[in-house]
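# coordinates for the following, if possible.
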Amino acid sequence: MAGFPSLFPRPLLAGLLPAVLLLTACTRPEDKENTITYSFWGSIEQQKTEQAVIHAFEAANPDVRVIAQPIPPPIQRYNDKLQAMFVGQVAPDVVMIEVSRYDEWLARGVLEDVTAEVEDLSNRYELMPGVRRAFARDGRFFASPVNAHGYVTHFNAEALAAAGVMLPDDLSWAWLEEVAPRLSRRAGATSAVTDYAFQLPYPTMMLWAFGGALFDDLFHPTRATVATPEAAAAVRCMRRLLATGAVLPPDIGSLASDVGTYQLFRDGRVAFFFNGRWSTPDFLRIRDFHWDVRPLPRGPAGRVSQHGGTLLGVWSGSRHKALAKRFVRFYSSPEGLAIVLPGRRYVPVYRRLAYGPEFLALTPPQALTVFSDTMEAGAALNYLYAPGYGEVKRIFDEAMEKAILRPDIPAEAILSALEQKLNRWLQRSQPPAA
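Now for the predicted structure:
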């Protein structure tokens, strides 16, 4: 594919068997010249939001009809079904894309170049720098970003007050390590109203905060770089936090996952929770305490969030690419995002909106600019910006779980083994010599 690095080509046959098994449930409505299909994931409430965008687009474009193809959570079900539809050549004209699949589907050639549409909008509405860095590939876009903010720190104000804890202006892992035992009944704090201080965040965020790195280059990696003193310091910090008894054990809350754990914060079981804007609809139900957000804790090297990402792409096999691009452009525009934002899951990708009154009025939480700040330059990263994201995440998260659950093994030994595994993955992913 022109403009995309040849490193890590992903064979189309990878995962073909499960994809073929799903094809029986993956059909496409009969093609009509003025009709496009749009597939997305989400709850019932999110489906209502997507339908509102569709209705607004059809009102502005009466010559076009959009057929919605919602797929309920979890996201893995959606990704697997879309993969099957791509293989079977029955994919929707427009697809919602989650960050972990962007580069894989791009490498397979199933996403149409939409650079013209993205740049036309960004010439008039400045795209946040973190969004551009996360999804531009050699200066081209193969899907249009509509949401790409990072994780932040949610906190329970009543829990802090009950423990006599004052939240500092500059949150740090060192401070959290100090006060965590005061915020946990399980750790013996009789004045605490929460069972635990928090659940550990994705280990990547602590790795970066301590100055560690997964690879020499997240876009074109040539070697893994995790076996460093900085990464070992991050592992030791995680181990110390768990040893206090004030942090949710991984066997209760799955390590490196926010799936199914937001209820712990919502129900007042933890004082802090590290997650993105997408949890807000669930937290609006909170009536027993006041909550707000702050940036992620910093470490010796500063603070770096991990970002998510939602994009809209056009299937390269679509017979209606022009109409599909028109819909993607409408959805990605400030007018389209204005319809989506009240759902309180997205943070607008344009600077004017991210710091504008339309977004900042959508409280609670009060400190909404904290979400916008994660899209500034250098504020957020991810595991990888190339095909293989899922495999890298699996290898890294498994090693971090072992590092935390087996404190008898030196951190340096686990990191050395992790670096070897990542380097072997790199060698397997290299294209064959010409």
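
# send the alpha carbons of stretch 305-318 over as CSV?
Taking Å, rounded to 0.1, in the frame of the first residue of the first chain, the C-alpha atoms of stretch 305-318 are listed here in CSV:
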residue,chain,number,x,y,z
SER,A,305,-1.1,8.6,29.6
GLN,A,306,-2.2,5.7,27.4
HIS,A,307,-4.7,6.7,24.9
GLY,A,308,-7.6,5.0,23.3
GLY,A,309,-9.0,5.8,19.9
THR,A,310,-12.1,5.6,17.8
LEU,A,311,-12.0,6.2,14.1
LEU,A,312,-14.3,5.9,11.1
GLY,A,313,-13.0,4.1,8.0
VAL,A,314,-14.3,3.4,4.5
TRP,A,315,-14.0,-0.2,3.4
SER,A,316,-11.8,-0.4,0.3
GLY,A,317,-14.2,-2.8,-1.3
SER,A,318,-17.2,-0.5,-1.1
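
# could you number the chain from 57 rather than 1 from now on?
I'll keep to 57 as the first residue from here, and by that count the last item is stretch 361-374.

# got the buried residues for that stretch?
Neighbour counts over stretch 361-374 (16 or more other C-beta atoms under 10 Å) mark 361-372, 374 as buried. Every C-beta, even on glycine, is put in place using the N, C-alpha and C of the backbone.

# average pLDDT across that stretch?
Averaged over stretch 361-374, pLDDT sits at 97.

# just stretch 401-420 next, same as before
What stretch 401-420 shows for mean pLDDT is 96.

# likewise for stretch 449-469?
Averaging pLDDT along stretch 449-469 gives 95.

# next, the buried residues of it.
Of all the residues in stretch 449-469, those buried under the rule 16+ other C-beta under 10 Å are 449, 451-453, 455-456, 459-460, 467.

# so of the buried residues of stretch 361-374, which ones are in helices?
Judged by DSSP state H, helices contain none of these.

# closest to L474 among the residues you listed?
Nearest to L474 among the buried residues of stretch 361-374, counting by C-beta to C-beta, is Q362 at 17.7 Å.

# that closest one reaches A204, doesn't it?
No - applying C-beta atoms under 8 Å as the test, Q362 and A204 come out as separate, 11.4 Å apart.

# about what we covered before: mind putting the buried residues of stretch 361-374 in CSV, distance to G220 included?
Formatted as CSV, the buried residues of stretch 361-374 follow (distance: C-beta to C-beta, whole Å):
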residue, distance to G220
S361, 29
Q362, 31
H363, 34
G364, 34
G365, 39
T366, 40
L367, 45
L368, 48
G369, 50
V370, 55
W371, 56
S372, 59
S374, 60
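
# report the two of those separated the most.
Across the buried residues of stretch 361-374, no pair lies farther apart than S361 and S374, at 34.3 Å, counting by C-beta to C-beta.

# which one of the buried residues of stretch 361-374 is nearest L177?
Using C-beta to C-beta, the buried residues of stretch 361-374 come closest to L177 at L368, 12.0 Å.

# and the closest one, what does it touch?
L368 sits next to 150-153, 199-200, 202, 384, 387-388 when contact means C-beta atoms under 8 Å, 6 or more residues apart in numbering.

# how far off centre is stretch 94-108?
Put simply, stretch 94-108 sits 18 Å off its chain's centre (C-alpha atoms, centre = their mean, to the nearest Å).

# is D226 in a helix, a strand, or coil?
Under DSSP: H, G, I helix; E, B strand; the rest coil, the three-state class of D226 is coil.

# quick check: phi and psi at the most centrally placed residue in the chain.
Of all residues in the chain, the one closest to the mean position by C-alpha atoms, centre = their mean is G364, 1.9 Å from it. For G364, the backbone dihedrals (degrees, to the nearest 10) come out as phi -100, psi -150.

# just checking, it touches V155?
Yes - taking contacts as C-beta under 8 Å, G364 lies within contact range of V155: 5.8 Å.

# any shared contact partners between those two?
With C-beta under 8 Å, 6+ apart, G364 and V155 have common neighbours A204.
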